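K.L.:
Requesting a structural model of the entry that follows:
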Amino acid sequence: MELPIAISKISSRGQIVIPKNVREKLSLDVGDYVTVEVRDDSIILRHLPLEHMRDETGLRVG
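P.N.:
Next comes the predicted model:
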């Protein structure tokens, strides 16, 4: 099922809120990482599972 289009406002710190129904649909949780891609005039966010993350030492996180 497709979700309806939502509108988010950019804060003074450049932050946006991902609507709860979108977070639930994509299983996004506090502290999760997303990739940010610019394509033409669009921003694409993709959930980045923890196994892809590395800490400052280069070791995998999680």
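K.L.:
okay, Tyr33: pLDDT?
P.N.:
pLDDT, Tyr33: 88.
K.L.:
so how far is Glu2 from it?
P.N.:
Between Tyr33 and Glu2 the computed distance is 25 Å (C-beta to C-beta, to the nearest Å). C-beta here means a position set from N, CA and C on the backbone, and glycine is covered the same way.
K.L.:
between the two, who's got more neighbours?
P.N.:
Taking neighbours as other C-beta atoms under 10 Å, Tyr33 and Glu2 compare with Tyr33 leading, 13 against 5.
K.L.:
Let me know the distance separating the more buried one from Ile43.
P.N.:
For Tyr33, the distance to Ile43 (C-beta to C-beta) stands at 16 Å.
K.L.:
now Ile18
P.N.:
Between Ile18 and Ile43 the distance is 12 Å, computed by C-beta to C-beta.
K.L.:
Compare neighbour counts for the two and give me the winner.
P.N.:
Between Ile18 and Ile43, Ile18 has the larger neighbour count (other C-beta under 10 Å), namely 13 against 9.
K.L.:
Which pLDDT does the model give the more buried one?
P.N.:
Predicted confidence (pLDDT) at Ile18: the value is 95.
K.L.:
likewise Gly62?
P.N.:
Residue-level pLDDT assigned to Gly62 equals 52.
K.L.:
In the chain, where is pLDDT below threshold?
P.N.:
In the predicted model, the chain carries pLDDT under 70 at residues 1, 51-62.
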